[in-house]
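1. can you look at this prediction? I've put the sequence above it.
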Amino acid sequence: MAKIAAIQLKSSGQPKANLDAAAHVIGAAARAGAQLVVLPEHFVYYNVRDTQAVAKAEAAKGLARQFFAEQAKQHDLWLVAGTLPLFAEPGAVKSPEAEGTAKPYATSLLYNAAGHEVAAYRKIHLFDVKVQKTGKRYCESDRYHHGSDPVVAPSPCGKIGMSVCYDLRFAELYRQLTAQGAEILVAPSAFTAATGQAHWQLLLRARAVENLSYVVGANLCHRDHPKKPTWGGSAIIDPWGEVLAEMDSEEGFIIADIDLARVKELRQNMPVLEHHRLP
């Protein structure tokens, strides 16, 4: 058994204020017993235009990376740190399109309880969409490179399969994560208000059911943002698709107990992972 928390925040244009708000909620989740905490996508630098400048500032021990390491160590917990614009670390495998160019990746970092970065997932699916309901255009590939590699990382709470936001619409990624042993699928997100209302929890539950895994979706919540409203609705889903905990549009956190024995039992009794026939 382990306790996992999803944190929901309303990002401002001030990185330091965003981190201060996160610190307050991380502390509350830790006091409630959380051993793994998942933060939303982009919450530190939401809607930032100059992602290259942020990536340069965060290249070593920038403001956010130092904060995440300190929070994980202070509260003795594992932390999925939303996303940051980051360049590939020296020696890391880069996407072919990234060679010779300066765009960063939308990178989700995993910190252990000692405050060390133990995994980095570079977002594979970038949100290049015009939302018909609102007419708003999103084009993440203007500022980021596509990542290329699924990431699964062991932790005391179970094996964590890492993903980000728009990835939720691509079931094949989660099947790969599960094939690599993932038991908990995490999805830091900044899901739009329009698409979030229609599909957010549906997608979280679908990925849980398909893969007989726990799913943790931590979303930004600013439905009245003047330019790019986000839905909120953070949720923790069990491997049978049941909602263990959820939020509406407020800031704060949710927490739930997970039991990896339930994952094992369901996968034995409903062996869909062994029955798929297509590559």
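-> Arrived safely.
2. now do Pro271 against Gln180, distance only.
-> When distance is defined by C-beta to C-beta, to the nearest Å, Pro271 is 18 Å away from Gln180. Where C-beta positions appear, they are placed from N, C-alpha and C, glycine not excepted.
3. correction: the previous question concerned Gln52.
-> 31 Å.
4. again, but for Phe191
-> Distance from Phe191 to Gln180, by C-beta to C-beta: 25 Å.
5. neighbour count: these two, which is higher?
-> Neighbours per residue (other C-beta atoms under 10 Å) separate Phe191 from Gln180, with Phe191 holding more: 29 against 12.
6. got the contact list for the more buried one?
-> By C-beta atoms under 8 Å, 6 or more residues apart in numbering, Phe191 lies in contact with Cys165, Trp200, Asn219, Leu220, Thr230, Trp231, Gly233.
7. so how far is stretch 107-123 from its chain's centroid?
-> In terms of C-alpha atoms, centre = their mean, to the nearest Å, the centre of stretch 107-123 is found 11 Å from the chain centre.
8. buried residues in that stretch?
-> The neighbour-count check on stretch 107-123 (16 or more other C-beta atoms under 10 Å) flags 107-113, 115, 117, 119-123 as buried.
9. then that stretch to PDB, C-alphas only?
-> C-alpha atoms of stretch 107-123 as PDB (Å, rounded to 0.1, in the frame of the first residue of the first chain):
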ATOM      1  CA  THR A 107      10.400  17.600 -19.800                       C
ATOM      2  CA  SER A 108       8.900  15.900 -16.800                       C
ATOM      3  CA  LEU A 109      11.400  15.200 -14.000                       C
ATOM      4  CA  LEU A 110      11.100  12.600 -11.300                       C
ATOM      5  CA  TYR A 111      12.800  13.200  -8.000                       C
ATOM      6  CA  ASN A 112      13.400  10.600  -5.300                       C
ATOM      7  CA  ALA A 113      13.100  11.300  -1.500                       C
ATOM      8  CA  ALA A 114      16.800  12.300  -1.400                       C
ATOM      9  CA  GLY A 115      16.100  15.100  -3.800                       C
ATOM     10  CA  HIS A 116      17.900  13.500  -6.700                       C
ATOM     11  CA  GLU A 117      16.600  13.600 -10.300                       C
ATOM     12  CA  VAL A 118      16.200   9.900 -11.200                       C
ATOM     13  CA  ALA A 119      14.200  10.100 -14.400                       C
ATOM     14  CA  ALA A 120      13.400  12.600 -17.200                       C
ATOM     15  CA  TYR A 121      10.600  12.100 -19.700                       C
ATOM     16  CA  ARG A 122      10.500  14.400 -22.700                       C
ATOM     17  CA  LYS A 123       6.900  14.800 -24.000                       C
END
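10. what mean pLDDT does it have?
-> Taken as a whole, stretch 107-123 has a mean pLDDT of 98.
11. in stretch 226-236, what counts as buried?
-> In stretch 226-236, counting by 16+ other C-beta under 10 Å, buried: Lys228, Pro229, Thr230, Trp231, Gly232, Gly233, Ser234, Ala235, Ile236.
12. the closest residue to the third one other than its chain neighbours pairs with what?
-> The spatially closest residue to Thr230, leaving aside those adjacent along the chain, is Leu220, at 3.9 Å (C-beta to C-beta, 6 or more residues apart in numbering). Applying DSSP bridges to Leu220 yields these beta-bridge partners: Leu9.
13. doesn't Pro40 make contact with Leu220?
-> Yes. Counting by C-beta atoms under 8 Å, Leu220 does reach Pro40; the two are 4.7 Å apart.
14. which residues are common contacts for those two?
-> Common neighbours of Leu220 and Pro40 (criterion: C-beta under 8 Å, 6+ apart): Gln8, Leu9, Ser11, Ser189, Ala190.
15. most neighbours among those residues, please name it.
-> Most crowded among the shared contacts of Leu220 and Pro40, counting by other C-beta under 10 Å, is Ser189 at 32 neighbours.
16. that one: what's it in contact with?
-> So Ser189 contacts Pro40, Glu41, Val164, Cys165, Leu168, Trp200, Gly217, Ala218, Asn219, Leu220 (C-beta under 8 Å, 6+ apart).
17. count of neighbours near the residue lying closest to it once chain neighbours are set aside?
-> Leaving aside its sequence neighbours, Ser189 sits nearest to Cys165 (C-beta to C-beta, 6+ apart; 3.9 Å). Around Cys165 sit 28 other residues, with neighbours defined as other C-beta under 10 Å.
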